[in-house]
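K.L.:
coords please:
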Amino acid sequence: MSKVLSKTEQDRLFFLGYHLAFESSSKRKNWRNIFASWRAAAESGHKRAQFYLGTCYDNGLGVDKNVAEAFKWYMKAARQHHPDAQYNIACFYDRGEVVKQDDKKAAKWYTLAAEQGDIASQRNLGVCYIYGRGVKEDHEQAVYWYKKAAQQHDALALYNLGLCYKLGQGVQVSYRWARHYFEKAESLGHKKAKRQLLELAKLQK
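P.N.:
Residues are numbered from 1 along each chain as shown. As a prediction, this is how the structure comes out:
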C-alpha cells in the first residue's frame, strides 16, 4: 500500500508535474516523470493530480493509453468536485464509452460541472434540456444554460441561442435577437451561423 503523502508533498509533486508539462521551456517533455509526479500525488487524493493523471491515461502520455484507467481517475477527481473531470465523466456517459450510455448520468454530471461555471457543460446541459435527454424537456432551462455559456463567448451556445429565438424555443420568436446571436457566433468562427443569417434576411423581407 502506498504511503499517504502530506498535503504539502501532494502539492509539491502536482506542481512539479504541472511545471514540467506546461511551463517548462523544454521542447521535449519528460512525460514519464510528469506522470510519476502526478500519480504519486493522485494516489494520496490530490484532485487536480487525479484529473491530470486521467488525461495522461486518456492520451497515452508517459504511460500506455488506457481509457478505462482515465475514466477511473477522472471519476475520483469528479467526486471531489473537479469541474473538468465532471465534464469528462458526463461525456463518457453521453457517448457510452467505457461505461453504458446513460443520458440521466450524463445530464447529472453536466449539471454539477455547469453549476461550477464549466462552459462546455453549460452548453451541453442546454442541449439536454432542448431534447429532453436525461432531464425533462424544458426549453426555458435550455435557454438559461445556453446564456450562461454564451456569456463566456461560447460560439456554439451563441448559435443555439440564435436558433431558440428564431424558432421560439423557450423564448418569444425574435428575429432581431436571433440575428444578434448568429452574428456573435459567426464572429467567433461558427460556420453555420452565416447560413442562418442569410435565411433570416429572407424571412424578414
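
K.L.:
what's next to stretch 178-190, contact-wise?
P.N.:
Applying CB atoms under 8 Å, 6 or more residues apart in numbering, the external contacts of stretch 178-190 come out as 150, 153, 155-156, 158-159, 161-163, 165-166, 193-194, 196-197, 200. In this view, the C-beta of every residue, glycine as well, is placed from N, C-alpha and C.

K.L.:
Check stretch 120-129 too.
P.N.:
Residues contacting stretch 120-129 (CB under 8 Å, 6+ apart): 83, 86-87, 90, 94, 103, 106-107, 109-111, 113-114, 133-135, 137-139, 141-146, 148-149, 152, 154, 156-157, 160.

K.L.:
what comes up buried for that stretch?
P.N.:
By 16 or more other CB atoms under 10 Å, the buried positions in stretch 120-129 come out as 120-129.

K.L.:
just stretch 77-94 next, same as before
P.N.:
77-78, 82-94.

K.L.:
re earlier: a markdown table for the buried residues of stretch 120-129, including distance to W38?
P.N.:
Converted to a markdown table, the buried residues of stretch 120-129 look like this (distance: CB to CB, whole Å):
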| residue | distance to W38 |
| --- | --- |
| A120 | 23 |
| S121 | 23 |
| Q122 | 28 |
| R123 | 28 |
| N124 | 27 |
| L125 | 29 |
| G126 | 33 |
| V127 | 32 |
| C128 | 31 |
| Y129 | 35 |
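
K.L.:
out of these, who's nearest L5?
P.N.:
Using CB to CB, S121 comes nearest to L5 of these, at 30.4 Å.

K.L.:
Give me the domain ranges for the protein.
P.N.:
Using automatic domain parsing, the domain ranges for the chain come out as 1-73, 81-152, 156-205.

K.L.:
Can you show me the helices along this structure?
P.N.:
Per DSSP state H, the chain carries helices over the ranges 7-18, 31-43, 47-59, 67-78, 83-95, 103-114, 119-131, 139-150, 155-167, 175-187, 193-203.

K.L.:
Once you drop chain neighbours, what's closest to S37?
P.N.:
Leaving aside its chain neighbours, S37 sits nearest to G17 (3.6 Å; criterion: CB to CB, 6 or more residues apart in numbering).

K.L.:
my guess is the one you found meets A41, correct?
P.N.:
Yes. Using CB atoms under 8 Å, G17 is in contact with A41, at 7.5 Å.
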